[in-house]
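Novice: Starting from these lines, generate the structure:
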Amino acid sequence: MRSPLARVPWHTGAPAFLVCAVALAFAANLFGGDYFKRTFLEEANPLAASGADPGRTPAAITPEQATGTPATAQPSADAGTPGPTVVATGMFRDGAPGHHGKGTARLGRDASGKAFLVFEEFSVTNGPDLHVILGATADGGGDGLDLGGLKATDGTFSYEVPDGTDLAAFKSVTIFCKSFPTVFAVATLEVM
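Specialist: Alright, predicted model coming up:
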């Protein structure tokens, strides 16, 4: 006995196959599109020490360099100003199976005393409704201080931590999907 599909002429079956393939591609993009999109963001790092920029052109020659006579030392205006301090740091690792993360998380205060969480050379699998969570346990999870939605899947960027927050209370940073309670990436913080 012949298969029912063997009786379908090729000129009828080919368009039907094409329609099914297009419908499948549309459904995959509609329901899984976020998974494949990448977003990039490069922000200034508030915890970076202010100093010489390696990409900067050298300054003009000063009179003391030209004459070889040292100038009298002038006190620096910011000599007593404390610089940024990093309280804790950690490396991102993969979360649930199929969800990958890498990069560095740094928790600290800038020169003005504001608290920040900085992601450096960060990359994570994209997904819907991803949030950044500072957690009290080293293994991460969805419980803790929610700093808001993930700004980008790749790059270097920061989150301001609310004033009055005890930074020493946090042991992890988690990228957490609120829609489908899933850990995408986690960094265990180690005190500096």
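
Novice: in the protein, what spans have low per-residue confidence?
Specialist: Filtered on pLDDT under 70, the chain yields the residue ranges 1-6, 8, 10, 12-13, 26-36, 50-81.

Novice: Where do the strands of it begin and end?
Specialist: 40-42, 85-94, 101-109, 115-124, 130-135, 145-149, 154-160, 172-177, 182-188, 190-191 (DSSP state E).

Novice: Quickly compare those strands and say which is most buried.
Specialist: Greatest average neighbour count among these goes to strand 172-177 (a mean of 24), per mean count of other C-beta atoms under 10 Å. C-beta here means a position set from N, CA and C on the backbone, and glycine is covered the same way.

Novice: Could you check how far the residue nearest to Gly142 when sequence neighbours are not counted is from Ala48?
Specialist: Residue nearest to Gly142 in three dimensions, not counting chain neighbours: Phe176, with 4.7 Å by C-beta to C-beta, 6 or more residues apart in numbering. Look at Phe176 and Ala48: by C-beta to C-beta, to the nearest Å, they are 27 Å apart.

Novice: returning to what we had before: just to check, the residue nearest to Gly142 is in contact with Leu145?
Specialist: No: using C-beta atoms under 8 Å, Phe176 makes no contact with Leu145, being 11.8 Å away.

Novice: which residues do those two both contact?
Specialist: Taking C-beta atoms under 8 Å, 6 or more residues apart in numbering as the contact rule, Phe176 and Leu145 both touch Ile133.

Novice: Check the gap between the closest residue to Ala168 other than its chain neighbours and Phe180 for me.
Specialist: Residue nearest to Ala168 in three dimensions, not counting chain neighbours: Val87, with 6.9 Å by C-beta to C-beta, 6+ apart. To Phe180, Val87 is 32 Å away according to C-beta to C-beta.

Novice: Ok, Lys171 next?
Specialist: Lys171 is 24 Å from Phe180, by C-beta to C-beta.

Novice: So for these two, which residue has more residues nearby?
Specialist: Lys171 (19 against 9; other C-beta atoms under 10 Å).

Novice: follow-up on the earlier one: how about CSV for the strands of the chain, with distance to Ala14 added?
Specialist: Converted to CSV, the strands of the chain look like this (distance: least, C-beta to C-beta, whole Å):
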stretch, distance to Ala14
strand 40-42, 41
strand 85-94, 42
strand 101-109, 43
strand 115-124, 41
strand 130-135, 41
strand 145-149, 45
strand 154-160, 41
strand 172-177, 40
strand 182-188, 40
strand 190-191, 60
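
Novice: Outline the domain layout of this structure.
Specialist: Per the record, the chain has its domains at 7-36, 38-47+83-192, by automatic domain parsing.

Novice: isn't Asp110 right up against Val118?
Specialist: No: in this structure, Asp110 is not within contact of Val118 by C-beta under 8 Å, at 9.7 Å.
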